[in-house]
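# Sequence first, predicted model second:
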Amino acid sequence: MYSSFSRRRFLYMGAALAGSGALATRTPLLADASHPADSVTITFWTPGGSARWCGSLDTNARQFEKLHPHIRISKIQCGTGQQDFLTVLLARIAAGNPPDATIYWDTPVTLAARGALQPLDDLMAHSQSSKKSDWPVSALASCVWNGKTWGLPATAGSYAVWYNADWFARKGIPTRRESFPKTFDELRKLSKEFTFWKNGTLVSAGFIPVLTFDLTATFYIWSALNGGQLYDAANKKYTIDSEQNIQLMEYMVSWLNEEYRGDASLVTRSANWAGYADAKGRAPAFQGGQLAMLEQGFWFMGDIYSSPPKFSRYNVASYPVGPGGHKTVSGYWPNWFVIPQGSQHAQQAFQWLDYLGSTGIRLWFSITPDLPTNKTVPYLLPAVTVQKEGKTFAAGVTRFFHHQLDIAIPMWNSPVQGQANDELRKAADRIMNKVAKPKDALADAQRACQAALDKALHSS
């Protein structure tokens, strides 16, 4: 049911990968009149990306070089072709020949715990735009391991609930953000207003619990909304099978039973209840006017138009609070900058990252509007949102998503984050398909995650 193909990869990979060729080497560029003979050449990788986005990084590199003539940047290595990016990166680190810096699409903590990264605290302290105070506390926390900082959260798209304001209005439901449901029960009641079955097929829906969640990130949010957590970073302990999380999943199963006939497979067969086309080529139900509400991140402000909406107005609202919770929260999905262990030019590489995360992020944003986190960057508005919805709306929604980042929970802070995400997806799948009770499925996930964590801690 759950795809491991992350929205992060969907967002940046596009139709054509720029990194489909051979892996770049450290061969320095030939000297030219614009660079001193003693200039340093640094290498920079990304895990992948569309040709346009990767090309914008090269454009940023040329602008950076004008400000730092003693630093040169090789052509950006965008992806590792058919080879797995992490496998190639770790092999290069082990061989003592890594890139000087890279973008990373998983938490830096996973690499830091393996001794694969260089700490950045000293470099940050003397930087122009990347001091610790220049980053939101919540996002920077995803880079901290054993008291040191191992990455920079260049962008961190925060999450919220999106809703079809036209459909709300037709039913006489208030469309203002402030009127959106504040509790799980209120959201569940509102959802029924839009849910319609015909001959065993789900024709339209309000909000579909769990089945369409991006569990890689948002399972952590829903746990916190119900007063729980999945990972306790301070004590290096998983808490997946806590009472709050069992209650959360029992609530979701009850919701499935009441509104969606208790059949997860029937729901997913009926339509693509998402904001992106799925692997079967089915158009997204949200833009198609079949789904009233879904959760997505800031980046969706641009991506919503990838399938033309059949409505003219949408809005976004904060998450509701569960029966075990006390306040609304949010979460985020970053792009991280890291410097691998063995980088030959760490200081110069950090200067490049400092530039890219502040000045250079403006060009990045114009290609892929993901929320910039650096506090030295003014609020940037997605051009497509300004064009389609007007500057006032775009500015208001952008401010809203920055606030969601301010109230984001700690996340992306486990050294076995990837494995834990897989276990959480597996548990949710078993629960919603009635293969296992919430208590049992969460207990199994807890044992697997804690065992993996203990092993990682023992070997780090």
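It's in.

# Quick check: buried residues in the longest helix belonging to the chain?
Counting by DSSP state H, the longest helix found in the chain is helix 438-459. Buried residues in helix 438-459, defined by neighbour count with 16 or more other Cβ atoms under 10 Å: 438, 441-446, 448-450, 452-453, 456. Where you see a C-beta, it was placed from the backbone N, CA and C, and this is true even at glycine.

# gap between the spatially closest residue to F311 that is not a sequence neighbour and E178?
Computed as Cβ to Cβ, 6 or more residues apart in numbering, the closest residue to F311 that is not its neighbour in sequence is D166, at 4.1 Å. Note on D166: its distance to E178, by Cβ to Cβ, to the nearest Å, is 18 Å.

# and the two? which has more neighbours close in?
Neighbours per residue (other Cβ atoms under 10 Å) separate D166 from E178, with D166 holding more: 15 against 8.

# pretty sure that one contacts A292?
No - applying Cβ atoms under 8 Å as the test, D166 and A292 come out as separate, 10.1 Å apart.

# And the helices in the stretch 201-350 of the chain, which stretches?
218-225, 243-259, 264-270, 300-303, 346-356 (DSSP state H, counting those that start in this stretch).

# Can you name every helix or strand that the longest one contacts?
Same thing as helix 243-259. Secondary-structure packing of helix 243-259 (3 or more Cβ pairs under 8 Å, 6 or more residues apart in numbering; DSSP states H and E): helix 184-191, helix 218-225, helix 417-432, helix 438-459.

# Check the offset of the helix or strand encompassing W364 from the chain's centre.
In this structure, W364 sits in helix 361-367 according to DSSP states H and E. Distance of helix 361-367 from the chain centroid (Cα atoms, centre = their mean, to the nearest Å) equals 17 Å.

# buried residues in it?
361, 364-365, 367.

# Beyond that helix, next helix or strand please.
Sequence-wise, the next helix or strand downstream of helix 361-367 (DSSP H and E) is helix 383-389.

# helices and strands around that next one, which ones?
Judged by 3+ Cβ pairs under 8 Å, 6+ apart, helix 383-389 is in contact with helix 300-303, helix 391-406.

# what angle do the longest one and helix 218-225 make?
For helix 391-406 against helix 218-225, the angle by axes from the mean of the first three to the mean of the last three Cα atoms, to 10 degrees is 70 degrees.

# Just the buried residues of helix 391-406, please?
393-394, 397-398, 400-402, 404-405.

# could you dump those to JSON lines with pLDDT and distance to S460?
Output for the buried residues of helix 391-406, formatted as JSON lines (pLDDT from 0 to 100; distance: Cβ to Cβ, whole Å):
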{"residue": "F393", "pLDDT": "97", "distance to S460": "47"}
{"residue": "A394", "pLDDT": "97", "distance to S460": "44"}
{"residue": "V397", "pLDDT": "97", "distance to S460": "41"}
{"residue": "T398", "pLDDT": "97", "distance to S460": "39"}
{"residue": "F400", "pLDDT": "98", "distance to S460": "39"}
{"residue": "F401", "pLDDT": "97", "distance to S460": "35"}
{"residue": "H402", "pLDDT": "96", "distance to S460": "34"}
{"residue": "Q404", "pLDDT": "97", "distance to S460": "32"}
{"residue": "L405", "pLDDT": "95", "distance to S460": "29"}
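
# just curious, which of the residues you listed is nearest to A112?
Top of the list for closeness to A112, among the buried residues of helix 391-406 and by Cβ to Cβ, is L405 at 22.4 Å.

# Please name the residues that touch that closest one.
By Cβ atoms under 8 Å, 6 or more residues apart in numbering, the residues touching L405 are 136, 138-139, 156, 158, 330, 332, 371, 373.

# Give me the phi and psi angles of V377.
With angles defined as degrees, to the nearest 10, V377 sits at phi -90, psi 130.

# Compute the number of surrounding residues for it.
By the measure other Cβ under 10 Å, the count of residues near V377 is 17.

# Same check on the one 5 residues further on?
By the other Cβ under 10 Å criterion, the neighbourhood of P382 contains 25 residues.

# OK, contacts around the closest residue to it other than its chain neighbours?
Spatial nearest neighbour of P382, excluding adjacent residues (Cβ to Cβ, 6+ apart): P369 at 3.9 Å. P369 makes contact with 298-299, 301-302, 380, 382-385 under the criterion Cβ under 8 Å, 6+ apart.

# Take the residues you listed and lay them out in CSV including distance to G79 and pLDDT.
Conversion of the contacts of P369 to CSV gives the following (distance: Cβ to Cβ, whole Å; pLDDT from 0 to 100):
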residue, distance to G79, pLDDT
F298, 24, 97
W299, 19, 94
M301, 25, 94
G302, 22, 90
L380, 26, 96
P382, 25, 96
A383, 26, 95
V384, 25, 94
T385, 28, 96
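
# circling back: so which other helices or strands are in contact with the longest helix of the chain?
strand 237-238, helix 243-259, helix 417-432.

# Against which helices or strands is the first one packed?
If I follow you right, that is strand 237-238. Other elements packing on strand 237-238 under the criterion 3+ Cβ pairs under 8 Å, 6+ apart are strand 231-232, helix 438-459.

# can you rerun that using 6 Å?
Under the contact criterion of 3 or more Cβ pairs under 6 Å, 6 or more residues apart in numbering; DSSP states H and E, strand 237-238 touches helix 438-459.

# so for the helix it packs on, what's the average pLDDT?
Regarding helix 438-459, the rounded mean pLDDT is 96.

# Ok, which of the helices and strands packed on helix 383-389 comes nearest R52?
Short answer: helix 300-303, nearest of the helices and strands packed on helix 383-389 by Cβ to Cβ, at 12.8 Å.

# Could I get the CA-only coordinates of that closest one as PDB?
Provided in PDB are the C-alpha atoms of helix 300-303 (Å, rounded to 0.1, in the frame of the first residue of the first chain):
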ATOM      1  CA  PHE A 300       2.800  21.400  -2.900                       C
ATOM      2  CA  MET A 301       2.200  25.100  -3.600                       C
ATOM      3  CA  GLY A 302       3.900  24.600  -6.900                       C
ATOM      4  CA  ASP A 303       3.100  20.900  -7.400                       C
END
